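In: sequence and predicted structure are below.
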Amino acid sequence: METPYIINTHSHVNMLKELSVEQAVKNCKDENITIIVPSYDDKSIFEVDELVKKYDNIYGYVGVFPEEVKCFSDKTLLDMENIIKNNPKIIGVGEVGLDYYWDKSFVELQKEVFIKQIEFANEMNLPLNIHCREAFGDTLDILKKYNKNSTAIMHCYSGSLDFAKECIKLGIYIAIGGVVTFKNAIKVKEVAQNIPLEYLLLETDDPYLTPVPFRGKENQPAYIKYVAQEIANQRGISTDEVANAATQNALKIFDI
Ligand code: NI
């Protein structure tokens, strides 16, 4: 049986500790997996730029992650623009968004930088890879108000089915990661069962959130197949069907 082509829409392959980038990328290549690597601050944008030039099955996003917004400046936006204009393998803005889980002391700054990066993505005409943790209402309000033309993706979706449906009404895609394989992840399983396949994307968010059966060990981008498998189990369809649908969606969104 041929391995279906899978696009892993969020992998920090450059942050793995136990596996070299070379090995992790090779494991993906062997299994027909393409990965998209986000950046998270004003320095890692350059790292992602270099990384995607080295491997043909890696693409990248540039953006500043909510926890790192204190490093964001006008210069960061200029750097991002330069990278995008000179590297066609940078295919989105991410990861950007709001995170109220760890530290709520700079929520206003998070919002401000999120809005700036949405407007930037609109200008560049690129999709947005969005990190949203315990900030669902604000994230959606800001997207409704400021996002004009960028396709938005909720990365590592952790919200309710109702909220997912609200997102989908606005054309926002739902990316599901390894959490769906966790026994107690009732909400994410419910989302995996019920959202239209047309709005599903797959990701691993490695090195975090390792799927079963490797939970407790370091995650890697090739484990994306366990995510696809669990979603297939939840829906009572084949893994190939899930993988193919998600890949078609990713190909529609991204210039890969
Ligand atoms: Ni991430």
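Out: Structure received. Numbers count the residues shown, from 1 in each chain.

In: just the helices in the stretch 151-256 of the chain please.
Out: Taking DSSP state H, counting those that start in this stretch as the criterion, the stretch 151-256 of the chain contains helices spanning 161-169, 186-194, 224-235, 239-253.

In: mind exporting the C-alpha coordinates of the second one to PDB?
Out: So that's helix 186-194. Once non-C-alpha atoms are left out, helix 186-194 reads as follows in PDB (Å, rounded to 0.1, in the frame of the first residue of the first chain):
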ATOM      1  CA  ILE A 186     -12.700  14.200  25.300                       C
ATOM      2  CA  LYS A 187     -13.200  17.700  23.800                       C
ATOM      3  CA  VAL A 188     -10.600  17.300  21.100                       C
ATOM      4  CA  LYS A 189     -11.900  13.800  20.200                       C
ATOM      5  CA  GLU A 190     -15.400  15.300  19.900                       C
ATOM      6  CA  VAL A 191     -14.000  18.000  17.500                       C
ATOM      7  CA  ALA A 192     -12.100  15.400  15.500                       C
ATOM      8  CA  GLN A 193     -15.300  13.400  15.100                       C
ATOM      9  CA  ASN A 194     -17.600  16.200  14.100                       C
END
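
In: by contact count, what packs against it?
Out: On a contact count with 3 or more C-beta pairs under 8 Å, 6 or more residues apart in numbering; DSSP states H and E, helix 186-194 meets helix 161-169, strand 173-176, helix 224-235. For glycine as for every other residue, the C-beta is placed from the backbone atoms N, C-alpha and C.

In: and the second one, how far out from the chain middle?
Out: Between the mean C-alpha point of strand 173-176 and the mean C-alpha point of its chain there is a distance of 8 Å (C-alpha atoms, centre = their mean, to the nearest Å).

In: now do the first one
Out: The offset between the C-alpha centroid of helix 161-169 and the centroid of the whole chain comes to 17 Å, using C-alpha atoms, centre = their mean.

In: quick one: contacts of it?
Out: By C-beta atoms under 8 Å, 6 or more residues apart in numbering, the residues outside helix 161-169 that reach it are 136, 140, 152, 154, 157, 173-174, 187, 190-191, 194-196, 199.

In: do you know the pLDDT at Gly177?
Out: pLDDT for Gly177: 98.

In: is it in contact with Ala228, as I believe?
Out: No: applying C-beta atoms under 8 Å as the test, Gly177 and Ala228 come out as separate, 11.1 Å apart.

In: which residues do these two both contact?
Out: Joint contacts of Gly177 and Ala228 (C-beta under 8 Å, 6+ apart) are Leu202.

In: can I take it that Asn131 is in a strand?
Out: Let me fix one detail, which is that residue 131 is His and not Asn. Yes: per DSSP: H, G, I helix; E, B strand; the rest coil, His131 lies within a strand segment.
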